[in-house]
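J.: After the sequence you'll find the predicted model.
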Protein chains: 2
Amino acid sequence: MAQRFQTLKGFRDFFPAECAARNYVFDVWRRIARRYGFVEYEGPILEPTDLYRKKSGDEIVGQLFCFQDKGDRDVSMRPELTPTLARMAAAKEREFKKPLRWFSIGQFFRYEKHQKGRGREFYQFNCDILGETSPLADAELMALSIDLMRELGFTKEDFRIRVSDRNAWVSFATDKGVSDGQITDFLQIVDKMERTPKEKTEELLGNLGLTLSDIEGFIASGAEASPALKEVLSNLEARGFAEYVEVDLSIVRGLAYYTGAVFEIFDIGKGMRAVAGGGRYDQLVGLIGGVDMAACGFAMGDMVITDLIRETERPNQLLEVAEAFASGVDVSIVIADPEKQGEAAGVVQQLRESGLRVIAPFSPAKIGKQFQAAEQAGAKLAIVIGGEYPELTVKRLEDRTESTVDVSGLSEAVAGLLSS
Amino acid sequence: MAQRFQTLKGFRDFFPAECAARNYVFDVWRRIARRYGFVEYEGPILEPTDLYRKKSGDEIVGQLFCFQDKGDRDVSMRPELTPTLARMAAAKEREFKKPLRWFSIGQFFRYEKHQKGRGREFYQFNCDILGETSPLADAELMALSIDLMRELGFTKEDFRIRVSDRNAWVSFATDKGVSDGQITDFLQIVDKMERTPKEKTEELLGNLGLTLSDIEGFIASGAEASPALKEVLSNLEARGFAEYVEVDLSIVRGLAYYTGAVFEIFDIGKGMRAVAGGGRYDQLVGLIGGVDMAACGFAMGDMVITDLIRETERPNQLLEVAEAFASGVDVSIVIADPEKQGEAAGVVQQLRESGLRVIAPFSPAKIGKQFQAAEQAGAKLAIVIGGEYPELTVKRLEDRTESTVDVSGLSEAVAGLLSS
């Protein structure tokens, strides 16, 4: 027996139904991004490993699909897009008017434990505004992420956007006497507070001269603690989005490079999963590309959101529509007289040139079998080509009504039947 | 100064204009494939290296981006899709009605010398029919490849499809006494004939008991040599495609796994480049997946076709339209009164909810600058929000005509102006 091959652990095969669902999510990402005036770009899937070391330090290498290529370069399959974006934006900085509104849809790779909602490969939507310091750019990204969720069929019963401000934390800590060199440690403590025993947090804060009640007091102050957040909130409110927004200063987001507003889209159902997240990172383009450029952005992966669509009662319908659409055809040809294969080829071509999705049998088969194949292909119409050619029978499969059409008027007749 | 990173050799950055051109080609691939009733699928970018060894032998490894992953698996970034397709189709063979009409658009990787039209990374359109032995399936793929070229703007002045039949060569060689074990060597000789000195070819053929004039005589016999090709040709003629087709038995296509009709789309301009190619491979699904399934397919890469579009006078226009489309917005907001930032946010949201592509400034700027930004963004309309709110001024940038609209009737007025 032949050797059977398996898909690598953490990697996915996209059979047609899964591919249609994937494309449905891609289409929503792309449509909403364009509505916000964003343009699409893409970078390489393979990059020098140093690009990721520069941003995230050596620890990142443990999670990378990295290797030496045949030219002895130390390369990695990309785990994220932001370093590539920083490289690209810096390289052609002068060619583009600021602010840049850029989005991308691509695949990413992380060597980590394979578990639900987390593969070793995933698609991600990345959306960034570069060259703009105004908090209204942060608000624009938050609004975009809210509109993504709404377009995917979710409502305020399903999700919230939690917003915070790293900069407000830095001001707070500095006012309390935390030194510049200790700020990152401080933010790590706050970030891990929820998952750390209270005594341990007290102890760590104590080392920096702070108490837990200082922190709790700051969190309770909410948007008052951050002028940027106040501007963001009033802008989201003007868009009619207040009901989706929660200020939650306990959100810090672990990544060391955030410098201002940060946010996460949260599933408020049982899962309490983060669906998307991002924030302001004004230093990174300079660090990677050597050109100072303010920046903010966010990313949404395909796995959690697709799980969420499948699990949620309401938007499942959209997914089913997408799946049915991607597999259906408009017309299936039934060849009643095998001598009419050539005429059938002409009819098929005529219909396809009018933009319709058309299939025809490759081998002779009984008429009943051909009608069965038409139904299985999701065809709306079957067109029977037989001895009466150029007269054709058009059958609407939904209600089995029939009509007779001359081949010269076929495209028009079919367009009429498909739109009725 | 910060370290500057470079794109790896043979890999591409897709800045917005290049990404729009890429997406334009993807859209044509997808649209035509759907018109032919094909459904989209996708496989993993990383596969076990053995999958490619099984199909192509050990030599292939020299051209792969292959490595040991952190779990000591011998893995490769995929150089092609056919082995993955064979694995997938065999794995779920019973779930799908035959024939399968499947297409895919994805990225592939080969470690080879970087040169024009050939990178270490490329996108490829793969289109296959599985579970069908009729030559009409081969004809369907050829027709699809012709329609791709036409949809991309090419005419019979630009390209031909050259068709041949490996099976006819095998019959010919067998009749001439070439043994089964020598057939592959024989096909290699024919495949390389054009690039090999005549004496050398004579010598190699002599070893198999053949002469050059035997071969030339066979090539001259054309479609008469192959019942399958005769059926293919008559089918393509019935579709109105005769003018694109040339029978050319000298085409063998090097790949050892072809078993029937083979074809290539050729640029007939100066370049004489192969743009796409494929054929019948009835043994491969059995070899890889352990399930016997007839199959034929073809692939088109993005690099040669995109070069060809750029170089050809006629279809360049299409590409420009695509590029302009991807970067343009419908409406750019001009905020004449900075106090009206909130009202502007509401207007932006209203227009986006009607599906329009809208941008607004994030920071206060002079009105002239804002109009300039609107033009640079390719906006069709500028909407001025000032002290007269809820009265707005809508300016058509093409001809600078202005009208005044109340915010309550804005979406309707804008839809009218954009469609006129």
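T.: Cool, got the structure.

J.: what's the domain layout of chain A?
T.: A:16-321, A:329-419 (automatic domain parsing).

J.: highest average neighbour count across these?
T.: Highest mean neighbour count of the domains of chain A: domain A:16-321, a mean of 19 (counted as mean count of other C-beta atoms under 10 Å in any protein chain shown). Heads up, the C-betas are built off the backbone N, CA and C, glycines and all.

J.: before we move on, the earlier item: can you redo the domains of chain A as TSV with mean pLDDT?
T.: Listed next are the domains of chain A as TSV, based on pLDDT from 0 to 100:
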stretch	mean pLDDT
domain A:16-321	92
domain A:329-419	94
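
J.: Compare those and give me the one nearest B:T306.
T.: Nearest to B:T306 among the domains of chain A is domain A:16-321; the distance by C-beta to C-beta comes to 14.0 Å.

J.: Run the chain-centre distance for that closest one.
T.: 12 Å (C-alpha atoms, centre = their mean, to the nearest Å).

J.: Secondary structure element holding the residue nearest to the spatial centre of chain A?
T.: Geometric centre of chain A, nearest residue: A:F125, 3.7 Å, by C-alpha atoms, centre = their mean. Using DSSP states H and E, A:F125 sits within strand A:121-130.

J.: report the angle between the axes of the next helix or strand after that strand and strand A:121-130?
T.: Sequence-wise, the next helix or strand downstream of strand A:121-130 (DSSP H and E) is helix A:135-151. Here helix A:135-151 runs at an angle of 140 degrees relative to strand A:121-130 (axes from the mean of the first three to the mean of the last three C-alpha atoms, to 10 degrees).

J.: Which residue ranges of the stretch 101-250 of chain A form strands?
T.: Ranges of strands in the stretch 101-250 of chain A, per DSSP state E, counting those that start in this stretch, are A:121-130, A:159-165, A:245-247.

J.: Can you name the residues of the stretch 251-400 of chain A that neighbour chain B?
T.: Counting by C-beta under 8 Å from any C-beta of the partner chain, the stretch 251-400 of chain A comes close to chain B at A:286-290, A:326-327, A:329, A:341-346, A:348-349, A:352, A:355-359, A:362-363, A:373, A:376-377.

J.: Reformat the strands of the stretch 101-250 of chain A as CSV; add distance to chain B.
T.: As requested, the strands of the stretch 101-250 of chain A are arranged in CSV below (distance: least, C-beta to the nearest C-beta, whole Å):
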stretch, distance to chain B
strand A:121-130, 7
strand A:159-165, 15
strand A:245-247, 13
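
J.: Which one, of those strands, ends up nearest to B:R253?
T.: The nearest among the strands of the stretch 101-250 of chain A, by C-beta to C-beta, is strand A:121-130 at 31.8 Å.

J.: helices and strands around the closest one, which ones?
T.: With contacts taken as 3 or more C-beta pairs under 8 Å, 6 or more residues apart in numbering or on different chains; DSSP states H and E, strand A:121-130 sits against helix A:16-35, helix A:82-91, strand A:100-109, helix A:135-151, strand A:295-301, helix A:302-311.

J.: Could you point out the bridge partners of the residue lying closest to A:D128 once chain neighbours are set aside in the sheet?
T.: Nearest residue to A:D128, sequence neighbours excluded (C-beta to C-beta, 6 or more residues apart in numbering or on different chains): A:G297, at 3.3 Å. On the basis of DSSP bridges, A:G297 is bridged to A:D128, A:G279.

J.: ok, A:G297 touching A:E132?
T.: No. A:G297 lies out of contact with A:E132 (C-beta atoms under 8 Å); the separation is 11.2 Å.

J.: For the residue nearest to A:D128, give me its contacts.
T.: Residues near A:G297 by C-beta atoms under 8 Å, 6 or more residues apart in numbering or on different chains: A:82, A:85, A:126-129, A:141, A:278-279, A:281.

J.: I'd like those residues written out as a markdown table, with distance to A:G119 added.
T.: Shown next, in a markdown table, are these (distance: C-beta to C-beta, whole Å):
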| residue | distance to A:G119 |
| --- | --- |
| A:T82 | 20 |
| A:L85 | 22 |
| A:N126 | 18 |
| A:C127 | 21 |
| A:D128 | 24 |
| A:I129 | 29 |
| A:L141 | 25 |
| A:G278 | 21 |
| A:G279 | 24 |
| A:Y281 | 25 |
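
J.: Which pLDDT value goes with A:S327?
T.: A:S327 carries a pLDDT value of 65.

J.: contacting residues around stretch A:51-67?
T.: By C-beta under 8 Å, 6+ apart, stretch A:51-67 touches A:49, A:74-80, A:82-84, A:86-87, A:109-112, A:120, A:257, A:284, A:287-288, B:3, B:5, B:46, B:65, B:67-70.

J.: Which ones among these map onto helices?
T.: Judged by DSSP state H, helices contain the following of the contacts of stretch A:51-67: A:49, A:82-84, A:86-87, A:284, A:287-288.

J.: Of these, which is the nearest to chain B?
T.: Of all these, chain B sits closest to A:R87, with 4.9 Å by C-beta to the nearest C-beta.

J.: any idea what sits nearest that closest one, other than its immediate chain neighbours?
T.: B:F5 (4.9 Å).
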